[in-house]
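Chemist: Need a 3D model of the sequence below.
(one chain, ligands or ions: 1)
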Amino acid sequence: MKCVICDKRKPKRYCPAKRASICPVCCGEKRGVEINCPPDCRYFVEGQKQHHKKIMQQRIRKEGAGSYVRRAELYKHNPEIFARLEMVFAAAYRSNRAIKNEDLVSALELAGKTLETEGKGLIYQHRSESSSANEISDNILAVISQYKDTAEIGENRVTLDYATAVIEEFLNEANFYMENYSNPSSYLIHILRYYPEEPQERAEKSGLIITP
Ligand SMILES: [Zn+2]
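Modeler: Numbers count the residues shown, from 1 in each chain. Below is the predicted model:
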């Protein structure tokens, strides 16, 4: 018996997505990225928990606890905007697996610069040579504008300073992954794992749902 993914190593765990046994290496590398793990798979849940803990410890070791406290405070103020931005990153990577951490970093930098210009009372959208970075930046700014410029959003409304701080925080996190992980898309993979594909999308892809 061999792992149904790599066909090399010994299968040691049952994968509910593949409906077969796979090896721990394939599970660890591909879970939530190339394997559409159901969110209740215990290997998936446990793997996410371990990863989260590891990253937190590494960041605290490198940057001190201050950076973590700052992130927690920003997050507490508006968890929704964090989730919406992460969904933008996940969607970008899901639709184009060639996107790298550095594209996301330029997108965040462009969005940050555009907000900074806005703070000076000017409207100017900064662009780069990478079309993916431009596209992600547009989507980031669209989410931010929804929370910053729409009165109907109520108590979830954010200031320009807050939005800038959130962008800064994502930049720190993306840079941390770039410095510590060799996979050029490591940060995007990390984000994608938090936003598994909807069952609806999966069914559409596999042709189970026929749209008129
Ligand atoms: Zn394998």
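Chemist: Tell me how many other residues surround residue 18.
Modeler: Neighbour count of residue 18, defined by other C-beta atoms under 10 Å: 18. Where C-beta positions appear, they are placed from N, C-alpha and C, glycine not excepted.
Chemist: my guess is it is in a helix, correct?
Modeler: No - Residue 18: not assigned to a helix; according to DSSP: H, G, I helix; E, B strand; the rest coil it is coil.
Chemist: wait, doesn't it sit right on residue 36?
Modeler: No - using C-beta atoms under 8 Å, residue 18 makes no contact with residue 36, being 9.4 Å away.
Chemist: Ramachandran coordinates for the most centrally placed residue in the chain?
Modeler: Among the residues of the chain, the one closest to the centroid is residue 191, at 2.5 Å (C-alpha atoms, centre = their mean). With angles defined as degrees, to the nearest 10, residue 191 sits at phi -70, psi -40.
Chemist: element containing residue 48, please.
Modeler: helix 42-63 (DSSP states H and E).
Chemist: mind listing what's buried in that helix?
Modeler: 43, 44, 47, 48, 55, 59 (16 or more other C-beta atoms under 10 Å).
Chemist: With stretch 141-150 instead?
Modeler: In stretch 141-150, counting by 16+ other C-beta under 10 Å, buried: 141, 143, 144, 146, 147, 148.
Chemist: Same question for stretch 159-168.
Modeler: 162, 163, 164, 165, 166, 167.
Chemist: try stretch 115-125
Modeler: Neighbour-count burial for stretch 115-125 flags 115, 118 (criterion: 16+ other C-beta under 10 Å).
Chemist: ok, back up a step: pretty sure the residue nearest to the centre of the chain sits against residue 88.
Modeler: No - applying C-beta under 8 Å as the test, residue 191 and residue 88 come out as separate, 9.4 Å apart.
Chemist: circling back to that earlier point, which pair of the buried residues of stretch 141-150 spans the longest distance?
Modeler: 141 and 147 (11.1 Å; C-beta to C-beta).
Chemist: Write out the residues of the chain neighbouring the ion.
Modeler: Within reach of the ion by C-beta under 5 Å from the ion, the chain has these residues: 3, 5, 6, 9, 23, 26.
Chemist: Pull the most distant pair out of those residues.
Modeler: 5 and 9 (9.1 Å).
Chemist: of those two, who's got more company?
Modeler: When residue 5 is set against residue 9 and neighbours are counted by other C-beta under 10 Å, the residue ahead is residue 5, at 21 against 14.
Chemist: Quick check: phi and psi at residue 157.
Modeler: Backbone torsions for residue 157, taken as degrees, to the nearest 10, come to phi -70, psi 140.
Chemist: now swap in residue 18 and tell me
Modeler: Dihedral angles (degrees, to the nearest 10) for residue 18: phi -90, psi -10.
Chemist: mind listing what it touches?
Modeler: Counting by C-beta atoms under 8 Å, 6 or more residues apart in numbering, residue 18 touches 4, 5, 35.
Chemist: Switch these over to a markdown table; also include pLDDT and distance to residue 73.
Modeler: What follows is these, written out as a markdown table (pLDDT from 0 to 100; distance: C-beta to C-beta, whole Å):
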| residue | pLDDT | distance to residue 73 |
| --- | --- | --- |
| 4 | 96 | 45 |
| 5 | 96 | 41 |
| 35 | 92 | 35 |
